[in-house]
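Colleague: based on what follows, work out the 3D shape:
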Amino acid sequence: MESIELVFTILVAILVSGLIGRVLPWGLPLPLIQIGLGFIISGVFDEGILLNPEVFFLLLIPPLLFLDGWRIPKDELWRDKAGIFQLAFGLVILTVFGLGYIIHWMIPAMPLPVAFALAAIVSPTDPVAVQGITRRLPVPRRLMSILEGEALFNDASGLVAFRMAVLAAMTGVFSISQVVTSFIWVAAAGISMGLITTWLLFLMHQRIYYFLSEDQGAEILLSLLTPFAAYVLAEAIGGSGILSSVAAGLAMSSFELSGRISPMTRMRRTAMWDLLQFTLNGFMFILLGEQLPTIFNEAIDLVTQTGHYNPWWLLMYAIVICLSLTGFRFIWVTVCIYVPYLWARTGKPSSLPQWRHILILSFAGVRGAVTLAGVMTLPFLLPDESEFPGRDLAVFLAATVIIISLIAASIALPLLLKDISPSKEFMISYSNQKKMAIKVACEQVNMHLDSVIANLEKNDNFDAKFYEDVKTRLMTDFVNGFQPESEEQNLEYDKYQVERMLRLALIDRARISIYQLAREKKISDELARELVERLDFDHIRFS
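Modeller: Numbering: from 1, shown residues only. Now for the predicted structure:
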């Protein structure tokens, strides 16, 4: 019963964290609020939650990565593929070896393979934490797309390096060829299984829809089960479940363009995934805060492993690791940007990123849930039944690095993003694409309405002027519905705005009157819900 109470307490804490984040005037990042609430919860419940890393990965990570892959703009992902690849794979390799040697140099008691494992597990970044920190800040669109794309793939590269380092620590054998072969198989199997799983589920959905028509509940449940199926099947064949979940999300985005899902199903599915994303993100950080007391209480016992007697040395180690991570990111990003330019002498200096953007990318490498869950999978014993060297120390340092990286980003990013202007290039591209889409849609709609009206005129008694007036009004409503208020408004648009305001006022008053009739028991609750639901559709359409 206490476990059930703890779960409900965490859910309430997630709700409270959102309220606190909106109330606080200085904009404390949501992840830090949730970690603090988790720390408080750990003091109320003595036993807390026994974190099983495998269950943690299965229940929390796949749906979030699937959703990120589903919603990330594919044109931006493809445009920045080179930069994303360099950060997601090249930077991870640099971090594993560079930071691994630094950790082993600082803590000689930690064997080099274990130091490599710790360096590998702190290499993946967490876009959820970055979004929580920058939700009120004007992050340049391209920088955010690079950070999101990097986080989609560096989880897999970091975890593969982590597993190889743990294997070397367990067996005492390390082979570069084995690492390369394993990585290729893990990546290829994971991506392939994610694409195949989504494709098969999509075909199954089409068959069911063809014979039995659409079932909204089944549609939503199918989208929810897709990331779990992709993850489990990929892990079963030795592939990366994380890459499989990402690939499944990318594939789902492509299949969604078929347009065979009803508007109502899309609306409900979007609401479900928004709720799930908010809940799972909060759950991860509150769990992190809930685990901290147990991890920190062991800090005193860990001091002897480092050869010191002052526990503050452990904090210094974590700070050095965070500084090294930021330094490696800064050096790698700078090299990847400026070396090709200096080598080929291509491009203009004005087209190169500003140093402030490089610093933003450096400090935005926040660590999060994947790091915590991954380091908890370190084995307790070696094959000879002796203790795994430095396990508790690695867990403590990883958890501390997460906290320090969150705090550092919370301080540095608002300063770096202050007074930054949005990208004009993106705004122009977005505006041009929108105008083209509306123009093509208008042409197609115009031809389709002519065809429909021609068929109606054969059977109805209305004159041609009636159909022409209706068509003109419908086309005006259609076009004006896409116009933002900031654009120049002509007389027709002003009329549309007035009509829109009156229509929304009508809908609001009708909704109030229907609810009042239901409260007075003059109509049934079922009828009230049905009528209000139809009004809500119109409200969404015109709001």
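
Colleague: pull out the buried positions in the helix or strand Glu54 falls within.
Modeller: Element membership for Glu54, per DSSP states H and E: helix 53-71. Residues of helix 53-71 classed as buried: 56-58, 60-70 (neighbour count, 16 or more other C-beta atoms under 10 Å). To be clear about C-beta, it is placed using only N, CA and C from the backbone, and glycine gets the same treatment.

Colleague: what's the answer for stretch 277-286, then?
Modeller: Buried residues in stretch 277-286, counted by 16+ other C-beta under 10 Å: Gln277, Leu280, Asn281, Gly282, Phe283, Met284, Phe285, Ile286.

Colleague: what about the helices in the stretch 351-500 of the chain?
Modeller: Remark: helices assigned in the stretch 351-500 of the chain by DSSP state H, counting those that start in this stretch are 355-363, 369-375, 391-416, 424-459, 464-480, 491-519.

Colleague: out of those helices, which gets the lowest mean score?
Modeller: Mean pLDDT values for those show the minimum at helix 424-459, a mean of 71.

Colleague: for the stretch 51-200 of the chain, what are the low-confidence residue spans?
Modeller: Applying pLDDT under 70 to the stretch 51-200 of the chain picks out residues 51, 53, 135-136, 174.

Colleague: and which of the buried residues of helix 53-71 is nearest Asp126?
Modeller: If you rank the buried residues of helix 53-71 by distance to Asp126 using C-beta to C-beta, Leu64 comes first, at 10.0 Å.

Colleague: can you tell me, leaving aside adjacent residues, what's nearest to Gln216?
Modeller: Leaving aside its chain neighbours, Gln216 sits nearest to Thr265 (4.8 Å; criterion: C-beta to C-beta, 6 or more residues apart in numbering).

Colleague: the one you found contacts Ala218, correct?
Modeller: No - look at Thr265 against Ala218 with C-beta atoms under 8 Å: they stay out of range, at 9.6 Å.

Colleague: okay, those two: which has more neighbours?
Modeller: Taking Thr265 and Ala218 together and counting by other C-beta atoms under 10 Å, Thr265 has the greater number of neighbours (18 against 14).

Colleague: point me to the helix or strand that includes the more buried one.
Modeller: Counting by DSSP H and E, Thr265 is found in helix 263-297.

Colleague: quick one: average pLDDT of that helix?
Modeller: Mean pLDDT, helix 263-297: 82.

Colleague: quick one on the thing from earlier: closest one of the buried residues of stretch 277-286 to Ile35?
Modeller: Proximity of those to Ile35 was ranked by C-beta to C-beta; the top entry is Phe285 with 5.3 Å.

Colleague: out of everything not next to it in sequence, what's closest to the closest one?
Modeller: Gln34 (3.8 Å).

Colleague: what's near enough to touch that neighbour?
Modeller: By C-beta atoms under 8 Å, 6 or more residues apart in numbering, the residues touching Gln34 are Ala13, Ile14, Ser17, Gly282, Phe285, Ile286, Gly289.

Colleague: OK, contacts around the residue nearest to Ala510 when sequence neighbours are not counted?
Modeller: The shortest distance from Ala510 to any non-neighbouring residue, by C-beta to C-beta, 6+ apart, is to Leu535 (5.8 Å). Taking C-beta under 8 Å, 6+ apart, we find Leu535 in contact with Ile507, Ala510, Arg511, Ile514.

Colleague: just those residues now: which is nearest Thr400?
Modeller: The nearest one, if we look at the contacts of Leu535 relative to Thr400 and count by C-beta to C-beta, is Arg511, at 51.7 Å.

Colleague: just to check, the closest one is in contact with Val532?
Modeller: Yes - contact criterion C-beta under 8 Å: Arg511 and Val532 qualify, at 5.6 Å.

Colleague: just give me the residue closest to the centre of this protein.
Modeller: Central residue of the chain (C-alpha atoms, centre = their mean): Asp68, 4.2 Å from the mean position.

Colleague: how deep is Cys442 tucked in, by neighbour count?
Modeller: 14.

Colleague: do I have it right that it meets Phe478?
Modeller: Yes - under the criterion of C-beta under 8 Å, Cys442 lies in contact with Phe478, with a separation of 7.2 Å.

Colleague: most packed of the helices of the stretch 351-500 of the chain?
Modeller: Of all those, helix 369-375 carries the top mean neighbour count, a mean of 26, counting by mean count of other C-beta atoms under 10 Å.

Colleague: show residues contacting that helix.
Modeller: For helix 369-375, the external contacting residues (C-beta under 8 Å, 6+ apart) are 51, 53, 56-57, 60-61, 118, 121-122, 124, 126, 128, 155, 158-159, 162, 242, 284-285, 288, 291, 394-395, 398-399, 401-402.
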